[in-house]
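J.: Here is a sequence with its predicted model. Questions after.
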Amino acid sequence: MDFAIVDTETRDQKQFRQEVRDWLEKNVPEDRKQPVDSRDLDSDDYQWVLAFRRALGKKGWLYPTFPKEYGGGGLTGDHESIIEEEITRSNALRIGVTPQMVFPGIQVWGTEEQRQRFLKPLVTGEKACWYKMTEPQSGADLAGIQTHAVRDGDDWLITGQNVFISSGTGDDRPDWLYGLAITDPNAPRHRNMGMFMIPFPSPGLEIRSMNLLTNGDESHFIFLDNVRVPGDHLIGGDHQGWQVGSTSREVEHGGAGRAAPRDPVMENLVEYAKTTKVNGVTLGKNPVVQQATMDAYTDAHVQALMLKRTYWLYHNRMEVQHEGHMANVHGRDSSLRQTLRAREVMKMYSLLGTKEPGAPHGGAEEVDQRQKAGQNHAGGSTNIIRVILARRIGISRTEERAPVTPATAGQITG
């Protein structure tokens with residue numbers, strides 16, 4: 001069997017790749033490269049990222065597969081893969097601004113006026129929106145939220161609080177917050193809430209930074225005290241928030257796949273095994289290290305294939321049932337395995353931080369191990385994702401089908 005890697009890019013694709021590469025070389029200066037530790041980022045970096053996103057948006061490269069009428073590039077998945085690969089190659093700064101799971105709810109459940117008002121400026125990078133879900137007493141059980149909204153004429157008054165809202169850095173703030181609120185306390189669960197685009201700044205709305213071990217000050221507290229939100233900022237009906245949120249969470253949980261997935265932990269591990277010598281012998285000659293490195297390589301490529309399969313299904317407007325959650329569960333588990341393999345192979349060197357001499361890859365392994373301590377709980381715990389996967393493949397006491405997404409609704413796919 002021939003395992004040679006074959007170059008399958010067309011001439012047009014190669015020309016497009018070169019165009020993207022040339023543009024990035026001109027627009028990503030050396031002082032705006034991604035640091036090993038995100039805790040080294042500051043507000044100046046965030047402002048540069050906002051400007052960089054707007055520049056990408058003008059070219060239609062920020063969200064390439066969105067149609068042009070909503071600010072996208074109207075391009076194909078092949079174009080998006082090339083753009084993602086070249087941005088990764090350029091090592092340009094990446095800071096959370098608008099999570100992509102904000103888009104599907106607006107795409108499917110929003111009116112055309114709301115798509116133009118909210119979606120288009122987010123897709124072009126002109127505006128920013130944070131994904132506001134987790135509360136102090138409800139994260140895994142999202143239906144248990146306590147934030148509530150009370151009608152006041154045509155408006156809503158929203159009161160509540162959130163934690164671990166990860167976007168921006170330091171004192172940087174969005175233009176909107178996308179989040180749920182109970183609109184009818186007497187209605188049954190899952191039929192008692194609405195989804196709102198909450199303007200920032202607004203009287204009664206406060207955002208405070210959290211200083212966390214995993215990602216520094218990229219996470220935030222949010223406090224709302226009778227924050228007035230116009231009625232036309234409600235996405236979907238006032239009892240449809242759970243359905244709107246389910247559309248967003250389907251993408252959050254992997255339902256749209258990834259155009260160009262990669263595993264930097266595996267890449268660093270392979271490089272370390274190939275180049276590091278112990279007593280004059282390359283570390284990779286050790287059969288135990290060989291096995292760990294091969295397992296890491298296999299895990300990474302299985303995950304990439306799962307993500308690319310889901311991406312292909314989604315962008316061909318096919319129904320994605322279990323595929324996204326299968327990749328999600330595998331990704332959560334395999335990422336922990338990769339971290340353990342790095343520690344097994346690099347030993348105590350994997351615990352050296354970015355400012356320690358002799359730290360492999362500038363301390364990337366230490367940063368990864370800190371982040372893995374809690375990040376795998378983001379977007380709902382792994383156990384919850386397992387339950388959803390079990391329901392999708394029919395081995396649970398209950399069964400469920402995937403909620404509507406932009407692909408299955410016949411809306412823009414993006």
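T.: Arrived safely, thanks for sending.

J.: Give me the neighbour count for Gly77.
T.: Counted with other Cβ atoms under 10 Å, the burial measure for Gly77 works out to 19 neighbours. Using the backbone N, CA and C atoms, a C-beta is placed for each residue, glycine as well.

J.: correct me, but it touches Tyr311?
T.: Yes - distance between Gly77 and Tyr311: 6.6 Å, which falls inside the contact criterion (Cβ atoms under 8 Å).

J.: list residues touching both of these two?
T.: Any residue near both Gly77 and Tyr311 by Cβ atoms under 8 Å, 6 or more residues apart in numbering counts here, and that gives Ala259.

J.: how about the residue positioned nearest the centre of the chain, what does it touch?
T.: Computing the C-alpha centroid of the chain and ranking residues by Cα atoms, centre = their mean puts Pro99 first, at 5.7 Å. For Pro99, the contacting residues are 130-131, 167, 252, by Cβ under 8 Å, 6+ apart.

J.: what about 7 Å?
T.: Residues in contact with Pro99, defined by Cβ atoms under 7 Å, 6 or more residues apart in numbering, are 131, 167.

J.: any idea how the protein splits into domains?
T.: As given by automatic domain parsing, the domain ranges for the chain are 11-95, 103-110+128-245, 256-393.

J.: Out of these, which is the most enclosed?
T.: Among the domains of the chain, ranked by average contacts under mean count of other Cβ atoms under 10 Å, first place goes to domain 103-110+128-245 (a mean of 19).

J.: End to end on that domain, go ahead and measure it.
T.: 11 Å (Cα to Cα, to the nearest Å).

J.: How about stretch 165-174?
T.: Across stretch 165-174, the terminal residues are separated by 12 Å (Cα to Cα).

J.: can you list the residues that contact that stretch?
T.: Taking contacts as Cβ under 7 Å, 6+ apart, the residues outside stretch 165-174 that touch it are 41-43, 46, 95-97, 99, 128-130, 132, 200, 207, 209, 215, 217-220, 222.

J.: picking that back up, quick one, which of the domains of the chain is nearest to Lys120?
T.: Closest to Lys120 of the domains of the chain is domain 11-95 (Cβ to Cβ; 4.4 Å).

J.: now the closest one, how far from the centre of its chain.
T.: The chain centre lies 15 Å from the centre of domain 11-95; the measure is Cα atoms, centre = their mean, to the nearest Å.

J.: what is the rounded mean pLDDT of that domain?
T.: Model confidence over domain 11-95 averages 94 on the pLDDT scale.

J.: cool, and stretch 261-278?
T.: Averaging the model's pLDDT scores along stretch 261-278 yields 96.

J.: ok, and what's touching that stretch?
T.: Contacting residues not belonging to stretch 261-278 are listed as 88, 282-284, 289, 293, 296-297, 300, 303-304, 307-308, 338-339, 341-342, 345-346, 360-361, 364, 368 [Cβ under 7 Å, 6+ apart].

J.: Among the domains of the chain, single out whichever gets nearest to Glu399.
T.: Closest among the domains of the chain, once you apply Cβ to Cβ, is domain 256-393, at 5.5 Å.

J.: Centre of the chain to the closest one, how far?
T.: 16 Å.

J.: hmm, back to that, possible to save the domains of the chain as a markdown table with distance to Phe118?
T.: Written out in a markdown table, the entries for the domains of the chain read as follows (distance: least, Cβ to Cβ, whole Å):
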| stretch | distance to Phe118 |
| --- | --- |
| domain 11-95 | 10 |
| domain 103-110+128-245 | 6 |
| domain 256-393 | 19 |
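
J.: which stretch among those domains comes nearest Gln116?
T.: Go through the domains of the chain one by one with Cβ to Cβ and the one that ends up closest to Gln116 is domain 11-95, at 8.0 Å.

J.: what about the closest one, how long is it end to end?
T.: Taking Cα to Cα, the first and last residues of domain 11-95 lie 33 Å apart.

J.: May I have the phi/psi pair for Ile87?
T.: Torsion angles at Ile87 (phi, psi; degrees, to the nearest 10) stand at phi -70, psi -40.
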